[in-house]
Structure formats: C-alpha cells, structure tokens
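Asks: Any chance you can model this:
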Amino acid sequence: MIQQKSPIFPYRLRQIGGIVVLAIAYYGMAEISRHLASTPQNVTPVWPPDGIAAGAVLLFGNWIGYGVLLGSFLANFWAFQDPTSFLSLVISTLPVLGIAIGTTLGTLLGSFLLRKTTNLHYPLERVPEVFKFLILTSMVGPIINATVGVACLALSGKVPWTAYGAVWLTWWISNVSGIFIVSPILLSWGQFFQKNRHLIWQWLSLSSTSEDSESLPHIRYSRANSRRLRFSLIVEPVILIGLVFLIGKVAFGKGYHLEYMLIPMLIWSAFRLGQPGATLLTFIVAAIAVIATVNGKGGFVAADLNQSLMQLQSFIGVITLTILVLTATIAERTQAETKLRLAFAELARTNETLEVRVQQRTEELNERNTTLKQTLQTLKRTQLQMLQSEKMSALGQMVAGVAHEINNPVSFIHGNLTYLSEHIQNLLRALQAYQQHYPNPPQALHAELDKLELDFLREDMTKILQSMKIGTERIDTIVLSLRNFSRLDESELKAVDIHQGIDSTLVILQHRLQATGDRPEIQVIKEYGQLPLIECDAGCLNQVFMSLLNNAVDALEESNQGRSFQDISANPNTIWVESRKIDTNQVMIMISDNGIGISKEIRSKLFDPFFSTKPVGKGTGLGLFMSYQIVTEKHGGNLWCDSTIGQGTKFVIEIPVKAKRIV
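Replies: As a prediction, the model looks like this:
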C-alpha cells in the first residue's frame, strides 16, 4: 500500500503562520503609515493596512480574517492605550477591540459580496468585475469599519459626537483609498505567481546552470528567452520607476504642477508590465503623492486640510480606476486574441483535413442513402401489409355479420320448403284423385279430401309464401347494404347521403346488436339532422363508421363484465348516432355510447398506429389510426374523442360538405 507523503508543515500550522504573518504585516504597514503619511493634525489620508487585509482575505479565504483582527488590535492598541493604571489600560483596550472587530467584519463583508456577485476567482480580469471590486469591497466594506470604529472612539470619549460625521468620512475615505491602491497589488501578483510559477522556476534554474550547458541548443534557446524575460521583469520596470521618481521630484518637490505627467508612465506600465507591474507603480505614485502632500508639497496642498485631502484622494482614485480598467481591458483583449489565434489554428487544421473528411462524409452519405432507400422500400411494403391486414380484418367482421344476417332468412326459407313441398304434393294427389272420379266423386274421395285439410293448406301456404317473401326481402336488404357499404360500383368522390352509409353499417353489425343469453339487445338511437349530400369517398367513410361502431359495441360488452341480465336491462346498453349541420360547408356526425369510458392517458394515444387496448387477436391497432387518416387527410376534416370514465365515450367526425381533395 502506497502511503502519501505528509506535508512539511501541517495545514493548521500553516494557517496559524499565515494569521501571524498577516497580523505583523497589518501592524507594520499601520506604523509606517503613521510615521510617513500622517498630517500634523494626526490624520492619515490613506490607510494601506485595510488594503492588505482585503487582499489577503480574497486570496486565502475567510479563515485569515483572524490575522486582520489581531493586526488591527495591535495597530490601534499602541495608538490609544492609556498606561496610567491597569484599570485605565483595560478600559482603553475595549474601544480598540471594537475597532478591530469592525475592521474584520467590514473586510469579510466586502469579500463576501464580491464572491457572491462574481464567479471569477480573480476579480480584476474583466471590467465589470473591476467595478464590482471597487464598489463592493473598496466602498461598501469600509462602511462597517468606519461606523464601528468612530462609534467606539466616540463612546470612549476620544472623539466628540459633534465631530462624528467628519471623522467618519475621513476614516471611510482613508480605508477606501488604502484598498484601492494596495489590494490590487496583492491580487495581481498572487495571480501572476500562480500562472507563471513554472516559468519562474525555469528562469531560476537557468540562472544556476553551469557554463558547460551552453553547448546544448535547447539551453541556448531557453537562455535567450530568459534574457528577454529578465529585461521585461527587471530593466523596464527600473526605467519606469526611475522616471516616476524623477517626475514626482519635479512635480512635488520643485513646485511645478506636473502631476499629470505621471499618468503616461502608468499607462506605459499597463501595456508593458501588465496588471502586476501597473498596480505596483500605481502604489508608488500614490505613496509619493501622499508623502508629499502631508509634508505640504505639491499641487494638492491647500489652506484647508479637508480640501487638500479631497484633492489627494481624488487623484489616487482616478489613477487607480484608470489603471485597473485599462489593465482589465487589455487582459480581455489578450484573452480574445488568444481564443482567436486558437480558432484560426483549429480552422487551419480543419482545412487541411477538410477534403478527406468531405470524401468520407460523401461515402457515408451514399451508404446511408442506399440504406434509406432500402428502408423506404421495406416501409412501403410494411405499410401495404398493414393496410391489407386492416382491410382483411374489417372484411372479416363484415363477412361474419353478413353470414349471420343472411343465415336467418335462408334458414327459415329452407325450413319452409319442406312443408311447402308436402303441401303441393298433397294438393297434386287430391287434384289427381278428383280428376279420376269427376264429375261424380265417391264418398271415399270426400273422406280423403277431408284428411288433406284443404282450408289449412290454403292458409298455411299463404303464410309460408309470405315468410319466404320476407326472407328474400331481408336478403335483398342485406345485399343492398353491402353495396352501399362498399360502394364498389361508384367513383372515389361522389355526393352521397351519409345516413345511408350509417344505416348500411348498422345492418351489417346487426348480429352484434341483437340480444344474447348474457345481455338484452343493444339499443341504437338515431337522431339524424337535415344534411345535404356530402361529397366524399363513401366506401372509406363507411369503414370509419364500422370501426367506431365496433369500438362502441366492444366498450359496452366490456362494461357488462360482472353485471347480471337484470342490471343491464335496468340500465340498457345504448349507442347514439347523431348528425347535424354546423355551417354551410361543415357537418358533424357523433357516435357515442354509455360504456366504461376511456382514461385521459389512453385518449392521447387513441389515433397512434398499432395502439390497442384489446387482447391479442381481437384487434390490429390500426382501425382508429386509419379512421383518423381517412377523415383528416382524405376528407380534410377532423376526428376527436371525448370521454368520461364510467359514463361513456363520444367520437365526433367533422367533414366538409364539399371535399377539399387533400389527397
């Protein structure tokens, strides 16, 4: 088992070390600021320790805030201590502790707001994030510092309450200025070391390389890069700093108002040294301006102290804002150029292989095209098979109904033929016997004629002939219904009476409507309106009626499960067929039942191909799909369903009077 190497310094120890280092840095910068940048009135126009605190919290996290608390306490303890007695020392410590707590809370608040409003770890890389840093971290956070700090001084009697506003404003502006000029240095240099640590280590290792390595080409190339890196990191910054000190000495020391000459130097640093060098040079310029102003030198000095401080802090704010925005813009442009170069490189690589890829894609498309053609042919064959299957299913239902309906009249015609044959034979025998003895028939012939019951024969033959006539008329009606249903002898589109098609369909389905041993007859209630002749494909439309009526009967039979004959008789199975005219060119046919109903989930899939709730072998799942296609695509109408569970289902067909000839 491989054991991981433990770090030289444990994490907790490193945290404690970081807190101590930050506290020392905060305290040291506070002492330097008091000695170098304090006015005769003990006012410090810039408070750099807050910049160190904000930068450290943004770099390392909230845990280092303990260093801010400790450093602020030490910096203010030596300034406000009262060593006259132990009690006075303890009392003077309380406002110092309050100031330290306020400084820590303000720093943490500014860092928290910045992290919440930006997803970037480094807040100075884009212009919007720069403004968020300047507003939230540099301006909003110090509000807590100034409010708590001045309140503690006022409560301890070191500042009169009447001067609260002026002291608060000076405190807040000094904190803002300190964060403006110091925090960007820490953030930018931290980002620089993180991104370039490998290059820095390489540079350091090249500096210690022996002279024997000069013969190696890659070492010579690395040394050439190293010389350029040294120039950009050492020589050029030294030149800029020298120019800044020279201009500062002339502007602030000699009394010439040339402060604006420092701005081109800062812009130069922004373009040449990047954000780390520009922020460092901005700090140097701000330090020169602050030290000169508090010593009564330079163009920012005025008779009024507040006016001098406002001019100084305005100058610091302007150069800081300008440099941060400029460096962020340069960084955004550099990133855009890098992405553009990468995009061009990728485009070049793509162009090199484009012809090969096009050829490969062409071959793939040809293969897919061939496969698609085969699939299309298979699909057409499958579609024809499906349509043929559905037609055969409908034909099977129709043939079953016709066979059942024709069987009844044929049965009683066939049964009556036996009696009719006997009656005719008896009549022929009687006539033959009568002819033999005519004109004086004997008594025996009268007895024989009495046995034949001629009156009964005459009456019964009339009934038999009437029954056979009814049977033949019934067969003729069925055949006519079949012809009306199929419309085989008519053109595809023809103006027809839609009610004839419905009636013909009901005749064919009569065997399913009749009473059985399990249930009474299904009632069919027809409520026909005055409809004009409809231009349609009557055969296809009759197929729709057949499918909808069959589904209605299936729903009723399913609703009868578990019900007795008496229960069904009390609430009989009923199918309603209604028709009415919607407008001048639109009619509606409704077929409804009082069956079990259809759930909402099933209704959404009713007209999908192959969807069926019936058991295997009882339906193909194409009836309603084909019905929908016939109504919508072939006739330009609409077919929809409305149903309530336990109450029944209604199918509505809407078709135009004049066919739109969609297909």
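Asks: Could I get the average pLDDT for stretch 74-84?
Replies: Taken as a whole, stretch 74-84 has a mean pLDDT of 77.
Asks: Any chance you could list what contacts it?
Replies: Stretch 74-84 is contacted by residues 23, 26-27, 30-31, 34, 49, 88-89, 91-93, 95-96, 99-100, 153, 156, 158 when judged by Cβ atoms under 8 Å, 6 or more residues apart in numbering. The way it works is simple: take the backbone N, C-alpha and C, and place the C-beta from them, glycine included.
Asks: Buried ones among the residues you listed?
Replies: 23, 26-27, 30, 49, 92-93, 95-96, 99-100, 153, 156 (16 or more other Cβ atoms under 10 Å).
Asks: Looking at the contacts of stretch 74-84, which are in strands?
Replies: Within those, no residue falls in strands by DSSP state E.
Asks: Just the ones of those in helices?
Replies: 23, 26-27, 30-31, 34, 49, 88-89, 91-93, 95-96, 99-100, 153 (DSSP state H).
Asks: about what we covered before: what's the closest of the buried ones among the contacts of stretch 74-84 to Thr162?
Replies: Within the buried ones among the contacts of stretch 74-84, proximity to Thr162 (Cβ to Cβ) peaks at Leu153, which comes in at 13.1 Å.
Asks: Okay, the nearest residue to that closest one once chain neighbours are set aside and Val496: tell me how far apart.
Replies: Residue nearest to Leu153 in three dimensions, not counting chain neighbours: Val159, with 4.2 Å by Cβ to Cβ, 6 or more residues apart in numbering. Val159 sits 105 Å away from Val496, going by Cβ to Cβ, to the nearest Å.
Asks: which residues of the stretch 51-200 of the chain score low on pLDDT?
Replies: 82, 120, 197-200 (pLDDT under 70).
Asks: And the helices in it?
Replies: Ranges of helices within the stretch 51-200 of the chain are 65-80, 86-117, 127-132, 141-155, 164-207, based on DSSP state H, counting those that start in this stretch.
Asks: Repeat that for the stretch 301-450 of the chain.
Replies: Assignment of helices within the stretch 301-450 of the chain using DSSP H, counting those that start in this stretch yields the ranges 305-352, 354-437, 443-452.
Asks: who touches stretch 287-296?
Replies: Here stretch 287-296 makes contact (Cβ under 8 Å, 6+ apart) with 36-39, 45-46, 244-245, 248, 252-253, 259, 298, 300-301, 308-309, 312, 315-316.
Asks: Buried ones in that stretch, by neighbour count?
Replies: Buried positions in stretch 287-296, judged by neighbour count with 16+ other Cβ under 10 Å: Ala287, Ile288, Ala289, Val290, Ala292, Thr293, Val294.
Asks: next one: stretch 358-370
Replies: Across stretch 358-370, burial judged by 16+ other Cβ under 10 Å covers no residue at all.
Asks: Kindly report the same for stretch 568-582.
Replies: By 16+ other Cβ under 10 Å, the buried positions in stretch 568-582 come out as Ile568, Asn573, Thr574, Ile575, Trp576, Val577, Glu578, Ser579.
Asks: and which of those residues is nearest Val553?
Replies: Of all these, Ile575 has the smallest distance to Val553: 7.5 Å, by Cβ to Cβ.
Asks: which SSE is that closest one in?
Replies: In the assignment (DSSP states H and E), Ile575 maps to strand 574-583.
Asks: Quick check: mean pLDDT of the helix or strand that that strand is followed by?
Replies: Where DSSP H and E defines the elements, the next helix or strand beyond strand 574-583 is strand 586-593. The pLDDT scores in strand 586-593 average 93.
Asks: I figured the residue nearest to Leu153 hits Ala151, correct?
Replies: No - the pair Val159 / Ala151 is not scored as a contact, 9.3 Å apart, by Cβ atoms under 8 Å.
Asks: The residue positioned nearest the centre of the chain: what's it in contact with?
Replies: Centroid-nearest residue in the chain, with Cα atoms, centre = their mean: Asn119, separated by 22.2 Å. Applying Cβ under 8 Å, 6+ apart to Asn119 gives no contacts.
Asks: same deal with Asp518?
Replies: Asp518 touches Asn560, Phe565, counting by Cβ under 8 Å, 6+ apart.
Asks: And it, how close does it get to Lys494?
Replies: 41 Å.
Asks: Low-confidence stretches in the stretch 351-500 of the chain?
Replies: For the stretch 351-500 of the chain, the stretches with pLDDT under 70 are 380-408, 410-417, 421, 428-441, 444-446, 448-455, 457-458, 470-492.
Asks: go with 80
Replies: Where the stretch 351-500 of the chain drops to pLDDT under 80, the residues are 351-352, 355-357, 377-493.
Asks: picking that back up, ok, the strand holding Ile575: who's next to it in the sheet?
Replies: Paired with strand 574-583 in the same sheet, following DSSP bridges, are strand 523-527 (parallel), strand 586-593 (antiparallel).
Asks: Can you tell me which of those strands is nearest to Arg12?
Replies: Minimum separation from Arg12 across the strands paired with strand 574-583 (Cβ to Cβ) falls at strand 586-593, 80.2 Å.
Asks: Can I get the helix or strand following the closest one as PDB, trimmed to CA atoms?
Replies: Next in sequence after strand 586-593, counting helices and strands by DSSP H and E, comes helix 600-603. Extracted C-alpha coordinates of helix 600-603, given in PDB (Å, rounded to 0.1, in the frame of the first residue of the first chain):
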ATOM      1  CA  LYS A 600     -57.000  10.600 -20.400                       C
ATOM      2  CA  GLU A 601     -53.700   8.700 -20.800                       C
ATOM      3  CA  ILE A 602     -55.300   6.300 -23.400                       C
ATOM      4  CA  ARG A 603     -57.100   9.100 -25.200                       C
END
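Asks: got the buried residues for helix 600-603?
Replies: So, applying 16+ other Cβ under 10 Å, helix 600-603 has no buried residues.
Asks: so what's Cys152 up against?
Replies: Shown in contact with Cys152 (Cβ under 8 Å, 6+ apart): Leu94, Pro95, Val96, Gly98, Ile99, Gly102.
Asks: Quick check: the gap between it and Pro572.
Replies: Distance, Cys152 to Pro572, by Cβ to Cβ: 94 Å.
Asks: thinking again about what came up before, tabulate the contacts of Cys152 in JSON lines, adding columns for distance to Leu509.
Replies: Below are these laid out as JSON lines (distance: Cβ to Cβ, whole Å):
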{"residue": "Leu94", "distance to Leu509": "101"}
{"residue": "Pro95", "distance to Leu509": "101"}
{"residue": "Val96", "distance to Leu509": "102"}
{"residue": "Gly98", "distance to Leu509": "96"}
{"residue": "Ile99", "distance to Leu509": "98"}
{"residue": "Gly102", "distance to Leu509": "92"}
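Asks: and which of the residues you listed is nearest Asn550?
Replies: Asn550 has its nearest neighbour among the contacts of Cys152 in Gly102, at 85.9 Å by Cβ to Cβ.
Asks: what about the closest residue to the closest one other than its chain neighbours, neighbour count?
Replies: Spatially, and ignoring its direct neighbours in sequence, Gly102 is nearest to Val148 (2.6 Å; Cβ to Cβ, 6+ apart). Other residues lying near Val148 total 20 when counted by other Cβ atoms under 10 Å.
Asks: Also Leu379?
Replies: By other Cβ under 10 Å, 11 other residues sit near Leu379.
Asks: now do Val657
Replies: Residues lying near Val657 (other Cβ under 10 Å) number 18.
Asks: ok, now Asn551?
Replies: Asn551: 24 surrounding residues under other Cβ under 10 Å.
Asks: Okay, and it sits in which element?
Replies: Assigned by DSSP H and E, Asn551 falls in helix 538-559.
Asks: cool, and Lys650?
Replies: Taking DSSP H and E as the definition, Lys650 sits inside strand 648-656.
Asks: mind listing what that strand pairs with, with the direction of each?
Replies: Sheet pairing for strand 648-656, assigned by DSSP bridges, gives strand 586-593 (antiparallel), strand 638-644 (antiparallel).
Asks: The last one - what's its average pLDDT?
Replies: Confidence for strand 638-644, expressed as mean pLDDT, is 90.
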